[in-house]
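> Got a predicted structure here, sequence first:
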Amino acid sequence: MSRRKKIYEGKAKILYEGPEPGTIVQYFKDDATAFNAQKKDVIEGKGVLNNRLSEYFMTGLNTIGVPTHFIRRLNMREQLVRSCEIIPLEVIVRNFAAGTMAKRLGMEEGTQLPRPIVEYCLKDDKLGDPLVTEEHIAAFGWASQQDMDDILSLALRVNDFMAGVMYGVGIRLVDFKIEIGRVYDGDFQRLVVADEISPDSCRLWDIETGRKLDKDVFRRDLGSLTDAYTEVARRLGLMPKAATAMTKPTLIN
Ligand code: CDP
């Protein structure tokens with residue numbers, strides 16, 4: 001790792017300077033955190049699974065014309081991405097009530113929402129990523145009105161894509177979080193889906209049984225997180241058929 005300059009280390013990933021200007025290497029760690037890092041653990045194999053799953057979703061988005069920062073996967077734990085300025089918002093899309101929204105509004109988890117609901121949280125760990133309104137975003141200049149229109153459109157397109165992909169393998173997309181980056185092409189700037197899309201940042205429930213296949217397994221101590229993520233990868237055809245809970249995650253290229 002000494003050959004590269006570390007740019008940033010977060011809770012689940014490390015960013016290194018990429019081989020060409022304007023690129024970054026995203027390294028996926030095995031660290032799992034929840035409740036603003038109050039709960040922590042190292043889950044062997046999680047980084048490998050998330051690197052592959054995020055590659056799968058980002059590649060699919062690029063293919064259907066939803067721009068992302070993803071360029072290519074480099075190895076088991078690393079992917080090459082375009083460097084971008086991250087907009088300091090967590091963009092959450094919900095199809096069913098769960099987590100903080102269910103709590104805040106006193107709704108039963110799993111209640112279907114009348115339409116997808118998009119929420120914005122300020123990316124600030126010290127403040128615990130507080131929910132903010134478009135008024136705050138405009139007044140404090142975190143994003144322009146044009147950015148907000150583009151972000152909403154990207155978020156809903158990612159939602160339709162992810163919900164469809166998941167439905168195809170018997171999984172309900174309850175909610176998810178994305179981050180948006182600004183990239184510059186000459187004089188033009190545009191917004192792209194950045195960071196990662198993985199079971200760390202989605203709620204995924206088996207349609208038949210309701211089994212949770214996402215980070216809630218870790219948050220709520222519901223069993224093995226690698227088993228859950230491996231199941232998602234297996235259903236998407238990213239694992240050898242024989243892979244079971246007893247085998248270490250081995251991914252198909
Ligand atoms: O996950 P939690 O209950 O703390 O918050 P939420 O607002 O219910 O999260 C909605 C969705 O966004 C879930 O799929 C979370 O996994 C995801 N999320 C995330 O990936 N990172 C955050 N900092 C907050 C939420």
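Great, that's in hand.
> what about the helix or strand hosting residue 174, near the ligand?
Per DSSP states H and E, residue 174 falls inside strand 171-185. Yes. Using C-beta under 6 Å from any ligand atom, strand 171-185 comes into contact with the ligand via 175-177. Placement of C-beta: from N, CA and C, glycine included.
> Do a quick rundown of the strands in this protein.
For the chain, the strands defined by DSSP state E occupy 6-9, 13-17, 23-28, 31-34, 39-42, 70-73, 78-82, 85-86, 89-96, 112-122, 131-132, 171-185, 188-194, 202-206.
> Turn the ones you listed into TSV, including mean pLDDT.
Shown next, in TSV, are the strands of the chain (pLDDT from 0 to 100):
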stretch	mean pLDDT
strand 6-9	97
strand 13-17	98
strand 23-28	98
strand 31-34	96
strand 39-42	97
strand 70-73	98
strand 78-82	98
strand 85-86	97
strand 89-96	99
strand 112-122	98
strand 131-132	98
strand 171-185	97
strand 188-194	96
strand 202-206	98
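> could those go into a markdown table alongside mean neighbour count and distance to residue 59?
Converted to a markdown table, the strands of the chain look like this (neighbours: other C-beta atoms under 10 Å; distance: least, C-beta to C-beta, whole Å):
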| stretch | mean neighbour count | distance to residue 59 |
| --- | --- | --- |
| strand 6-9 | 12 | 23 |
| strand 13-17 | 19 | 18 |
| strand 23-28 | 21 | 14 |
| strand 31-34 | 18 | 24 |
| strand 39-42 | 12 | 28 |
| strand 70-73 | 18 | 7 |
| strand 78-82 | 20 | 10 |
| strand 85-86 | 14 | 21 |
| strand 89-96 | 21 | 20 |
| strand 112-122 | 15 | 23 |
| strand 131-132 | 16 | 31 |
| strand 171-185 | 20 | 15 |
| strand 188-194 | 18 | 12 |
| strand 202-206 | 22 | 17 |
